[in-house]
Structure formats: structure tokens, C-alpha cells
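**Q** What follows is a predicted protein model with its sequence.
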Amino acid sequence: MMYSIERHIAPVIERRAKNSKAILLTGSRQVGKSTLFRHLFNNVNQVTFDDDLLLAQATDDIGLFLMNNPSPLMIDEVQKCPSIFNRLKIILDNTEEHGNFFLTGSQKHHLMEGVSESLAGRISVVELDGLSLREIHGVEFNKHFVPSEEYLKEREKKLKKYDGDIWATIHRGSYPELYANPEKEWIDYYQSYVKTYLERDVNKLIKASNHLTFVKFMTAVAARTGQIVNYANIADQVGVSEVTIKEWVSILEKSDIIYILKPYTASALNRAIKTPKMYFRDTGLCSYLTRWLTPETLKNGAMAGAMFETFVINEILKSYTNEGLDYDFDVFFYNGRDKKKRKADGGYEETDGEIDLIIQEGDVLHPVEIKMSTMPKAIMASEFDILDGIPDKKRGLGAIICMIDRKLYLRDNIIALPLSYI
């Protein structure tokens, strides 16, 4: 396959490779890790531990393996040989050279254990996601999304109207092969993905008692994208214990199949619900598992709102990772009973308030609501004022990301934005 899709994280990786003894690129299977490394470092020796013979050689005698495969060396799916990390530590401790090893791995479950135990401080870790809308449409802009006046001004310099049906993109998903080979059959790709990677790699960690249990679990999780995590509910549907479901969900998170969005729980919000939300990383895979087999059925189906929200959340996260930034301490959601509603008798009752996303930029909190609507109204952002009473924080410009085709101020501190602004 000819390399044709410019990945926004490429300059970040090149910069870090020049300043690091080794670099590790993480991300789920098929997001393009080895393709990107081969494109950027085509003069480097390359091996993959997907090759059982090479894996056996490395497992039996790691010293001999590294003699036969000298650095600079690229190793694909490095987590399959945990014993290599201690040897890499010794090598890296005895050199001052940069760019010795280029590692990729798709299972943080094993990967980060080896890295944190042996290679902490010796290796630069970079995360690669599936393609972003910016990458798909060739937009040359690589700053993380935040609905501030400064960001919007910068973004408008490179603004590009996205042609075509957005639901076709949401349904197709973000795996590069589906865009590099437009003729690729969608159902064939995901059927193969589930059989080749999920059932082989992920289920090896999950150890479901049988194939049917694994499929039921994956389907149950996919059907709950964009929802508060309810382990008991999933356990009832799959027929295993709640403790088991918690372990399995953790494995999906570490395999970059799902993302767990943490709740914003400032002490001033004393009624905040502390349970996280769960999002599938790829809307195409999620559509396949929940059997929405065309963009039209997805758009008009019961999961349309949740899938649109999942897509937008992922686009915002990609805007961070593609800039080489960690977003774990910057993005949250809010759900709680801090909102008061006036009753007919003049009293108040507490009602649920929810903010789909809170982006923390320094001491400023930017609330974001995600709606499929083409007619956004300020009332859709009525929960944003929950953030006004938080000590040491101030509420910044809030956004409603929706299906309109141009930027629209709804109030001086609330703006409706089309997807092209992310």
C-alpha cells in the first residue's frame, strides 16, 4: 500500500525520536503504527513479534536475538515478548545515542507494565489513534480543540467545509485501511478485524469461557457507548459476575478498544455522580458490533445520538494525541443533582444536570454539549452554569457542537459550532 495519508502526529514522533534513546508508539490494532514508523524511519531494521518464529527466537535467547537484529531496530507488537524490556534497559543505560529502538504495541495491559518497570525515564511514549476528520480531509491544523476565542480564531485560518455525508464517515470508522483502499468492503473489514484481532488478542486476555460469551460481552459494551458505566447491567446480559465484567472492561480500555471518560467531581459539586462514562474508540467497529450495517440505518436508528456523541468525543481526544498531548487530566463530563428547578408552589426541587464534556484549560473550564440538532438553542446549554460556583476556576466560553453549517453565537458565552471547527 502506498503511503498517502498524512498523519498529524508524524512531526511529534520525528522530534521525539531525535531526543530519545527509544520511542514507543501505542494504539489499537490497525490504526497504522507500523505503517507510520516504516514511513518515517525507512532505514531502520524491522521485525514483528506477530511472526511466531521471531517471537520464539526472542523468547528463547533475547541476547542472541538482538545480536542478529542490531539497533537501530523497529519491533512491532513488542508486548508479546515481555522479557525484552529488561534487556533493552541494560542497552539503553549503556549508550548516549538517540533513536536506538522504535517499538509499537497494541496492548497497554502488558506493555505499560514492562515499560514502567524497566524503561521508565528511558523511553518516549506516543499514542496513535485512528484517522481524524482533519487527517481524512487533509486539513493542515494541529492544535487541540478548546472552545476559546483564541482557538476559534486560529482554527478559522484553516477551516474547510467537509463535503459528503458525515454519517458515512461515522459509520465507516477511522481505521486507515478503509480510506487507503476505498473499495474495501466495510463488512468484510470489520468481520475480519473481530476474528483476527479481537477474538485472538483481546479474548486471549479476557479468557471468556466460550466464543459466544465473548461476542455477547463485546456487543453489550458497544450498545452502551456514550452511557454511564453500569457493570451490573452488563453482567446480567452476558451471564458472568460483576467482578469479571470490571476486569474485562479494564482490558478493553487498555487495548484501546474503549475510552473511559472520568467524571468532574470538584468538592463544590457535592451531588456529582462519580461513575465514569464509556465510549467506543471507533464508531465503525461499534456500528458493526451493534449491527447497524449501513450509514442510513445508523443515522435513523435508536443509537444515532450516542454514536454522534461518541464520534465527537473521539475527534476531540484525537486533537490532543495528534499534538502529542496527554488529555487524561483535561477532559471530563458532569452528571449530578446540583441543579435546582423552581416548582409551581415557589419552592425548588433538585434535578439531574449533565454536561457532555468539560475541557479544562489552565484555570478555565469550557463546558461542551453535543447534539445532533441542526437548530441549536441556548436552552440546550442550561446546565453550564453549574460550573460557576467552583473555587479557583472560572467558566470560559461554552460550546454546543451540532449539525449546523456555520459558527453561531447563542449568547455572549455560548457558541454553536459545526464539526469542521474541531
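**A** Happy to help now that I have it.
**Q** Give me the longest helix you can find in this protein.
**A** The single longest helix within the chain, with elements called by DSSP state H, is helix 304-321.
**Q** Quick one: residues in contact with that helix.
**A** Identification of contacts with helix 304-321 by C-beta atoms under 8 Å, 6 or more residues apart in numbering yields 9, 127-130, 132-134, 143-145, 170, 174, 225-227, 259, 261, 279-283, 286-287, 292, 298, 326-327, 330-331, 356-357, 359, 368, 370, 372, 401, 419, 422. C-beta here means a position set from N, CA and C on the backbone, and glycine is covered the same way.
**Q** And V238, how far from L285?
**A** Using C-beta to C-beta, to the nearest Å, one gets 18 Å for the distance from V238 to L285.
**Q** for stretch 26-43, how far is the first residue from the last?
**A** Chord length of stretch 26-43, first to last residue, is 21 Å (C-alpha to C-alpha, to the nearest Å).
**Q** typo on my end, stretch 155-168
**A** Taking C-alpha to C-alpha, stretch 155-168 runs 24 Å from one end to the other.
**Q** That stretch - what's its average pLDDT?
**A** Across stretch 155-168, pLDDT averages out at 92.
**Q** Run through who's touching that stretch.
**A** With C-beta under 8 Å, 6+ apart as the criterion, stretch 155-168 contacts 133, 137-141, 143, 295-296, 298-299, 403, 405, 419-421.
**Q** Extract the residue ranges of the stretch 251-400 of the chain that are flagged as low pLDDT.
**A** Low-confidence segments of the stretch 251-400 of the chain (pLDDT under 70): 268, 270, 337-352.
**Q** So which residues of it form helices?
**A** 283-289, 295-300, 304-321 (DSSP state H, counting those that start in this stretch).
**Q** So which of the ones you listed is nearest G32?
**A** helix 304-321 (12.7 Å; C-beta to C-beta).
**Q** Go ahead and measure how far the closest one is from the middle of the chain.
**A** Its chain's average C-alpha position is 8 Å from that of helix 304-321, according to C-alpha atoms, centre = their mean, to the nearest Å.
**Q** And for E6, the neighbour number?
**A** 12 (other C-beta atoms under 10 Å).
**Q** I meant L419, not that one.
**A** The tally of other residues near L419 (other C-beta under 10 Å) stands at 18.
**Q** cool, L131 as well?
**A** L131, neighbours per other C-beta under 10 Å, totals 24.
**Q** Regarding it, what is its secondary structure?
**A** Under DSSP: H, G, I helix; E, B strand; the rest coil, the three-state class of L131 is coil.
**Q** More neighbours: which of V238 and L285?
**A** Per other C-beta under 10 Å, whichever of V238 and L285 has more neighbours is L285, with 25 against 22.
**Q** Now do stretch 152-162: distance from first to last residue.
**A** Taking C-alpha to C-alpha, the first and last residues of stretch 152-162 lie 17 Å apart.
**Q** in that stretch, what's buried?
**A** L152, R155, Y162 (16 or more other C-beta atoms under 10 Å).
**Q** can you tell me which of the contacts of helix 304-321 are in strands?
**A** 127, 227, 259, 261, 279-280, 331, 356-357, 359, 368, 370, 401 (DSSP state E).
**Q** residues in contact with the nearest residue to V125 once chain neighbours are set aside?
**A** Spatial nearest neighbour of V125, chain neighbours left out: L24 (4.9 Å); criterion: C-beta to C-beta, 6 or more residues apart in numbering. Contact analysis of L24 by C-beta under 8 Å, 6+ apart lists V78, L103, T104, G105, L111, V115, L119, I123, S124, V125, V126.
**Q** Got the phi and psi for Q57?
**A** Main-chain dihedrals, Q57, degrees, to the nearest 10: phi -60, psi -50.
**Q** was I right about L387 contacting I358?
**A** Yes - contact criterion C-beta atoms under 8 Å: L387 and I358 qualify, at 7.2 Å.
**Q** what's the overlap in contacts for these two?
**A** By C-beta under 8 Å, 6+ apart, L387 and I358 have these common neighbours: Y334, L365, P367.
**Q** Quick check: the first one vs L119, distance?
**A** Okay, so that is Y334. 37 Å.
**Q** quick one: which of the two has more around it?
**A** Ranked by neighbour count (other C-beta under 10 Å), Y334 and L119 place Y334 first, with 24 against 21.
**Q** Pull the contacting residues for that one.
**A** Y334 touches P263, Y264, L269, A272, G353, E354, I355, I358, P367, E383, I386, L387, counting by C-beta under 8 Å, 6+ apart.
**Q** Count the neighbours of the nearest residue to the first one once chain neighbours are set aside for me.
**A** Across the structure, with C-beta to C-beta, 6+ apart as the measure, the residue nearest P263 apart from its sequence neighbours is K274 (5.5 Å). A total of 10 residues lie near K274 under the criterion other C-beta under 10 Å.
**Q** So that it lines up with my notes, have the first residue be 781 from now on.
**A** Understood, numbering begins at 781; the last thing we discussed is K1054.
**Q** K1042 is in contact with K1054, correct?
**A** No - here K1054 does not reach K1042: they are 9.1 Å apart, not a contact under C-beta under 8 Å.
**Q** mind exporting stretch 785-793 as PDB, just the C-alpha atoms?
**A** The C-alpha coordinates for stretch 785-793 follow below in PDB (Å, rounded to 0.1, in the frame of the first residue of the first chain):
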ATOM      1  CA  ILE A 785      -2.500   9.800   4.400                       C
ATOM      2  CA  GLU A 786      -0.500  12.400   6.200                       C
ATOM      3  CA  ARG A 787      -0.600  11.600   9.900                       C
ATOM      4  CA  HIS A 788      -0.600  14.800  12.100                       C
ATOM      5  CA  ILE A 789       1.400  13.100  14.800                       C
ATOM      6  CA  ALA A 790       4.400  12.500  12.400                       C
ATOM      7  CA  PRO A 791       6.300  15.700  13.300                       C
ATOM      8  CA  VAL A 792       5.900  14.900  17.000                       C
ATOM      9  CA  ILE A 793       7.300  11.400  16.600                       C
END
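**Q** so how far is it off the chain centroid?
**A** Centroid displacement of stretch 785-793 relative to its chain, using C-alpha atoms, centre = their mean, is 16 Å.
**Q** State the mean pLDDT of it.
**A** Stretch 785-793 comes out at a mean pLDDT of 95.
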